[in-house]
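Student: model this:
(chains A, B, C and D)
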Amino acid sequence: PHGSSGHPTLTPRTSSISPGILGGNRSCVFYETSHNLKGTMRHKGLLLGGTEHSTILCLYSRCCFGIWNQSSHAVMPGCWDSDKDDCEDPACKPSPIQAFGATILRCLCSSDFCNANISWFGTPAVPQGDGS
Amino acid sequence: PHGSSGHPTLTPRTSSISPGILGGNRSCVFYETSHNLKGTMRHKGLLLGGTEHSTILCLYSRCCFGIWNQSSHAVMPGCWDSDKDDCEDPACKPSPIQAFGATILRCLCSSDFCNANISWFGTPAVPQGDGS
Amino acid sequence: QNRSARPQAYCRLQELMVDLYYENFLIIPKRYAANNCEGPCKLPLSTRISNHSTHTVLLLGMQERGAPLQRSPCCVPVKYSSKDFILVTTEGFKVASFPDLVAEECGCR
Amino acid sequence: QNRSARPQAYCRLQELMVDLYYENFLIIPKRYAANNCEGPCKLPLSTRISNHSTHTVLLLGMQERGAPLQRSPCCVPVKYSSKDFILVTTEGFKVASFPDLVAEECGCR
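Tutor: Here you go, the predicted structure:
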């Protein structure tokens, strides 16, 4: 299962939200695989259209997040709900987490669509295969 | 206005109270003048009959209290609701309080009807006129 | 009167009498059991104190790892009860209940 | 980062970041503003701190009159809020909200 299929492009609650309360109009990549994910982060922003990867306008922050699994597949990029959780870096420089025998990469970042790609050590994003 | 006129001899709530929860069956004198008194202490015990001075069986303590005004008239004897508020003495040995230009005598005591009379320094109650 | 000098192993409710003799308008009581919460807050809280917050657990964890805290977790009342008093006012006597006068439960906060 | 070494005049909310790097199951965030309550509790409380209890006022009164207290009134969180986290479990990823993780209001207790 891929993309935003099954999600409305605009969640129902958005009708009562004026543009002024958007957190500086940060745009992030949004994507949620339906398998092995419990819960959702889609209510942290306004989901705009898109098939494979959606765009989400953050409601509560100017902060995107990204999570990648061992094979560098994005798991659930989206809007984070706070600017206070170490979201200073404009680029997504992921820190690895070892959990249950797997390596997970994750980042918080503060520029538009910064969670689209992993930014290795601040250099432009490198194709994943080259590093190994 | 004197005595328990106007008060039921047994308050309505007593019907659901079993004798076992009475606080050791302490009996105190109960009396509430209706003038210059706001509120009541009658719900701290079971009011038994009586015209001038009623008897009250304490519900929450084994502690009587007494308050006398400047001319040593009892103002509102009754059951106190706690044994923890300096109620060790079986006799009512009042401490005077100066308030708003008047002297008020008050005591807490822990024997049956100990709040009927002021017990001056542990000696049997002295007729009020003799002291002045 | 129930109090002793021995240190408490963990945060818990202790009897504490408070004098009110200086408050002339209070007739009865002049002294009452207000109680207090005393004793150290240490990990693990869950097995020792039922009333704990995750925030406190995280602060204690920081301390255990050597991070300094400006304010260490503290044993405080987390539930109070009210207390009846008989007062004298310019208009006479009054029975009144005051909230938050007796500490009933303690927790680390 | 917003914290300074200057002492606080009265009990109030201060920013405090808590590290969660040691909790491997937590994916995002690894660090969050848990905040803490800091500063002295002194009389009069009412003009300085909106959230105070009468019990605390009496304890502070005892101290002012020279009576020793086993536990002095303490500046603590009296209201918390929850915080969302993304976790990894054996079954995959999970968005979860945990209560009592952020100190929101302070009081003397």
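
Student: Which pLDDT does the model give residue 21?
Tutor: Going with chain A. Looking at A:Ile21, its pLDDT is 52.

Student: My question was about chain C, not that one.
Tutor: pLDDT, C:Tyr21: 87.

Student: and it, what does it touch?
Tutor: C:Lys30, C:Arg31 (C-beta atoms under 8 Å, 6 or more residues apart in numbering or on different chains). C-betas here are computed from N, CA, C, even on glycine.

Student: Please give the element, helix or strand, for the residue of chain A found nearest chain B.
Tutor: Going by C-beta to the nearest C-beta, chain B is nearest to A:Lys84 of chain A, at 47.2 Å. In this assignment (DSSP states H and E), A:Lys84 forms part of neither any helix nor any strand.

Student: Okay, helices next: where are they in chain A?
Tutor: With DSSP state H as the criterion, chain A has no helices.

Student: Okay, now the unreliable bits of it?
Tutor: A:1-24, A:33-34, A:50-52, A:120-132 (pLDDT under 70).

Student: is the strand of greatest length in it up against chain D anywhere?
Tutor: Ranked by residue count under DSSP state E, the longest strand found in chain A is strand A:102-109. Yes - Strand A:102-109 lies within reach of chain D by C-beta under 8 Å from any C-beta of the partner chain, at A:Ile104, A:Arg106, A:Leu108.

Student: Please check the residues you listed and keep the buried ones.
Tutor: By neighbour count, with 16 or more other C-beta atoms under 10 Å in any protein chain shown, these hold A:Ile104, A:Arg106, A:Leu108 as buried.

Student: Would you tell me which residues of chain C are close to chain B?
Tutor: Residues of chain C lying near chain B (C-beta under 8 Å from any C-beta): C:17, C:24-25, C:27-33, C:84, C:86, C:88-96.

Student: Give me the buried subset of these.
Tutor: Buried among the residues of chain C next to chain B by 16+ other C-beta under 10 Å: C:17, C:27-33, C:84, C:86, C:88, C:93-95.

Student: So which of these belong to strands?
Tutor: C:Met17, C:Ile27, C:Ile28, C:Arg31, C:Tyr32, C:Ala33, C:Asp84, C:Ile86, C:Val88, C:Phe93, C:Lys94, C:Val95.

Student: bridging residues for A:Cys28?
Tutor: When assigned by DSSP bridges, A:Cys28 has beta-bridge partners A:Ile56.

Student: so it touches A:Ser54, yeah?
Tutor: No - using C-beta atoms under 8 Å, A:Cys28 makes no contact with A:Ser54, being 9.5 Å away.

Student: sorry, back to before: closest to C:Cys106 out of the ones in strands among the buried ones among the residues of chain C next to chain B?
Tutor: Taking C-beta to C-beta as the measure, C:Cys106 lies nearest C:Ala33 of those, at 14.6 Å.

Student: Find the closest residue to chain A in chain C.
Tutor: Counting by C-beta to the nearest C-beta, chain C gets nearest chain A through C:Leu58, at 14.1 Å.

Student: which stretches of chain A form strands?
Tutor: Under DSSP E, chain A gives strands at A:27-30, A:37-38, A:45-47, A:54-58, A:64-68, A:78-79, A:95-99, A:102-109.

Student: Run me through the strand neighbours of the longest one, direction for each.
Tutor: Under the criterion DSSP bridges, strand A:102-109 sits next to strand A:64-68 (antiparallel), strand A:95-99 (antiparallel) in its sheet.

Student: Now do the contacts for A:Trp68.
Tutor: With C-beta under 8 Å, 6+ apart, A:Trp68 has these contacts: A:Ala74, A:Val75, A:Pro94, A:Ile104, A:Leu105, A:Arg106, A:Ile118.

Student: A:Glu32: which of those residues is nearest?
Tutor: A:Val75 (8.4 Å).

Student: contacting residues for the residue in chain A positioned nearest to chain C?
Tutor: Closest contact between chain A and chain C, by C-beta to the nearest C-beta, is at A:Asp85 (14.1 Å). Listed by C-beta under 8 Å, 6+ apart, the contact set of A:Asp85 reads A:Cys63, A:Leu108, D:Ile28, D:Pro29, D:Arg31, D:Tyr32, D:Ala33.

Student: beta partners for the last one?
Tutor: Yep, that's D:Ala33 we're talking about. D:Met17.

Student: What distance do you get for it to D:Leu13?
Tutor: 11 Å (C-beta to C-beta, to the nearest Å).

Student: and if you look at C:Asn36?
Tutor: Counting by C-beta to C-beta, the gap from C:Asn36 to D:Leu13 is 24 Å.

Student: So between these two, which is more surrounded?
Tutor: C:Asn36 (24 against 18; other C-beta atoms under 10 Å in any protein chain shown).

Student: Quick check: closest non-adjacent residue to that one.
Tutor: Leaving aside its chain neighbours, C:Asn36 sits nearest to C:Leu16 (4.2 Å; criterion: C-beta to C-beta, 6 or more residues apart in numbering or on different chains).

Student: What is the burial count for that neighbour?
Tutor: Count around C:Leu16 with other C-beta under 10 Å applied: 24.

Student: so A:Cys92 makes contact with A:Ala74?
Tutor: No - with contact defined as C-beta under 8 Å, A:Cys92 does not count as touching A:Ala74 (10.5 Å).

Student: Quick check: neighbours shared by these two?
Tutor: Common neighbours of A:Cys92 and A:Ala74 (C-beta under 8 Å, 6+ apart) are A:Gly66.

Student: just the contacts of A:Asp85 now: which is nearest D:Gln70?
Tutor: Nearest to D:Gln70 out of these is D:Ala33 (C-beta to C-beta; 33.0 Å).

Student: Looking at that closest one now. What's its pLDDT?
Tutor: pLDDT, read off for D:Ala33, is 94.

Student: could you list every residue that touches it?
Tutor: A:Ser82, A:Lys84, A:Asp85, D:Glu15, D:Leu16, D:Met17, D:Val18, D:Val102.

Student: which two in those residues are spaced the farthest apart?
Tutor: A:Ser82 and D:Leu16 (14.5 Å).
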